[in-house]
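Engineer: okay, here's the prediction I keep looking at, along with the sequence it came from:
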Amino acid sequence: MSFFKKVRNTVDLLKSVDMDQLAKINKQIDLSEAMKTLGKLDERQLAGLMKMLKTKRHKSQSDLPPIDGDFYNLDYKLTEEQRKLQMEVRTLMEDEIRPLINDHWNRAKFPFEIIEKFKKLNIAGIPYEGYGCPNLPFLMEGIIAQEIARVDVSTSTFFGVHSGLAMGSIYLCGSEEQKQKWLPQMQKLEKIGAFGLTEPNVGSGVAGGLETTCKFDGENWILNGQKKWIGNATFADVIIIWARDEESNQVKGFLVEKDNPGFKAEKMEDKMALRIVQNALITLTDCKVAENDRLQNANSFKDTANVLRMTRAGVAWQAVGCARGAYESALKYTRKREQFGRPIASYQLIQNHLVEMVSNLTAMQTLCFRLSEMQDQDMLTDEHASLAKVYCSMRMRDVVSRAREVMGGNGILLEHDVARFVADAEAIYSYEGTKEINSLIVGRAITGYSAFVS
């Protein structure tokens, strides 16, 4: 290269250099040493270095969109008062209950202090009229179930058993005297309820195969048998026990108090899911129950089924909450976790998982929203509730699995919450009717043929 060409190239180079910026760099590194090092690089190494230098800096978390599992903004369909209550529940769950959960879940202990915290919200018995209950739409019961499950499915199950199954049984099947006695106290969470239907040998076949029996001796009802998987039963004040009448062969319901002679509740250990929920094996041995503690309007399994229909919609909303909690936890993680110099949320395969998750979640939310609207319009049928339970529990499983996937090895650690959602999803998948039983209920409705084994 000629001398004049070198001078011209040097002048052009100096024109392109920001001398102030060069002076700043010179204070931080030895430019002469840097030039020597650069001169030793080959073309491939220089190209790689330039690519790295041109890579855009990461966006700060404040520049990113908010983490919100309500992609279609269904919350905007709520009234101002409903939205306010939703946010009160969310604030309680985030600020006061979330810090307690992983420790208690790990130790399979129930954090009894949350009962006092829930009392402030006045949300027990949300859809019931009278007896101190809020008398709000069933939609709000679903929204609240979602908000609680979004942080912890166990807490949502505790609340659903008490407010839905136990209070619901008394509300639908109790006499006026029984409602007046129990519902105001249960609404204030001064008395806690449980619901005893499932048995060691009888799960889905409770309609015609209950082994727990009841017999009237002229003064009292005598109950004998066992119940299994009964949430809250180790500490509940009143347990709704369903038993088969030896004389009529019909299912009847009873209000059994925890200190009732012949009643025994033993905590079930070593569960892999819903570890905070205190499930019990109940043994009834010549358990005497007065006639005025028999649910006066529960005279067959049809009455039991009315309670299950009402609460099954809430379980579908629980599945939504579980999926939403897992999705939001996973999204938060992928935006902070870096590999190869970039947040993993910026990679195509991770984004595909996240989109699949939010797609499933949005479909679940819209289905449940319409389900609750139908419930409020008195249009809800068994098949409507069953379809929601089937679909939402299956899609929930997919969402939590993908949440675990994008977290890699960290997905099995409690500190990131998703491991807990993965485990608890298995309980939601099974209770309040298995996929198979609920599928047959829907199948009967759409074909006109019953595939149940008689």
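Structural biologist: Structure received.
Engineer: contacts, neighbours, all on C-alpha from now
Structural biologist: Fine.
Engineer: for the lengthiest helix in the chain, packing partners?
Structural biologist: Using DSSP state H, we find that the single longest helix of the chain is helix 301-336. Helix 301-336 is packed against helix 138-151, helix 153-159, helix 167-173, strand 342-343, helix 348-376, helix 382-406, helix 418-430, with contacts defined by 3 or more C-alpha pairs under 8 Å, 6 or more residues apart in numbering; DSSP states H and E.
Engineer: now render the ones you listed as a markdown table, adding mean pLDDT.
Structural biologist: Listed next are those as a markdown table, based on pLDDT from 0 to 100:
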| stretch | mean pLDDT |
| --- | --- |
| helix 138-151 | 97 |
| helix 153-159 | 97 |
| helix 167-173 | 97 |
| strand 342-343 | 94 |
| helix 348-376 | 97 |
| helix 382-406 | 96 |
| helix 418-430 | 96 |
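Engineer: can you pull the buried residues of the longest helix of the chain?
Structural biologist: Across helix 301-336, burial judged by 16 or more other C-alpha atoms under 10 Å covers 301, 303-304, 306-335.
Engineer: just to revisit the earlier point, now tabulate the helices and strands packed on helix 301-336 in a markdown table and tack on distance to residue 184.
Structural biologist: Shown next, in a markdown table, are the helices and strands packed on helix 301-336 (distance: least, C-alpha to C-alpha, whole Å):
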| stretch | distance to residue 184 |
| --- | --- |
| helix 138-151 | 18 |
| helix 153-159 | 16 |
| helix 167-173 | 10 |
| strand 342-343 | 52 |
| helix 348-376 | 23 |
| helix 382-406 | 28 |
| helix 418-430 | 29 |
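Engineer: can you say which of those is nearest to residue 436?
Structural biologist: Relative to residue 436, the nearest member of the helices and strands packed on helix 301-336 by C-alpha to C-alpha is helix 382-406, separated by 8.3 Å.
Engineer: show me what that closest one packs onto, helices and strands only.
Structural biologist: helix 301-336, helix 348-376, helix 418-430, helix 435-447.
Engineer: what angle sits between that helix and helix 301-336?
Structural biologist: 20 degrees (axes from the mean of the first three to the mean of the last three C-alpha atoms, to 10 degrees).
Engineer: give me the angle between helix 382-406 and helix 435-447.
Structural biologist: Using the same axes, to 10 degrees: helix 382-406 against helix 435-447 is 140 degrees.
Engineer: neighbours around the nearest residue to residue 220 once chain neighbours are set aside, how many?
Structural biologist: Spatial nearest neighbour of residue 220, chain neighbours left out: residue 290 (4.7 Å); criterion: C-alpha to C-alpha, 6 or more residues apart in numbering. Counted with other C-alpha atoms under 10 Å, residues neighbouring residue 290 total 14.
Engineer: got the contact list for residue 290?
Structural biologist: 219, 220, 221 (C-alpha atoms under 8 Å, 6 or more residues apart in numbering).
Engineer: same thing but 10 Å
Structural biologist: Residue 290 is in contact with 216, 219, 220, 221, 222, 254, 255, 256, counting by C-alpha atoms under 10 Å, 6 or more residues apart in numbering.
Engineer: now it. Its backbone dihedrals?
Structural biologist: Backbone torsions of residue 290, given as degrees, to the nearest 10, read phi -70, psi 150.
Engineer: repeat for the one 5 residues further on
Structural biologist: Torsion angles at residue 295 (phi, psi; degrees, to the nearest 10) stand at phi -60, psi 110.
Engineer: what is the burial count for it?
Structural biologist: 24.
Engineer: and residue 397, by the same measure?
Structural biologist: Neighbour tally, residue 397, other C-alpha under 10 Å: 22.
Engineer: make 803 the first number, not 1, from now on.
Structural biologist: In the new numbering, first residue 803, that becomes residue 1199.
Engineer: how far away is the residue nearest to it when sequence neighbours are not counted from residue 1191?
Structural biologist: Once flanking residues are discounted, residue 1199 sits nearest to residue 1227: 6.4 Å by C-alpha to C-alpha, 6+ apart. Distance, residue 1227 to residue 1191, by C-alpha to C-alpha, to the nearest Å: 12 Å.
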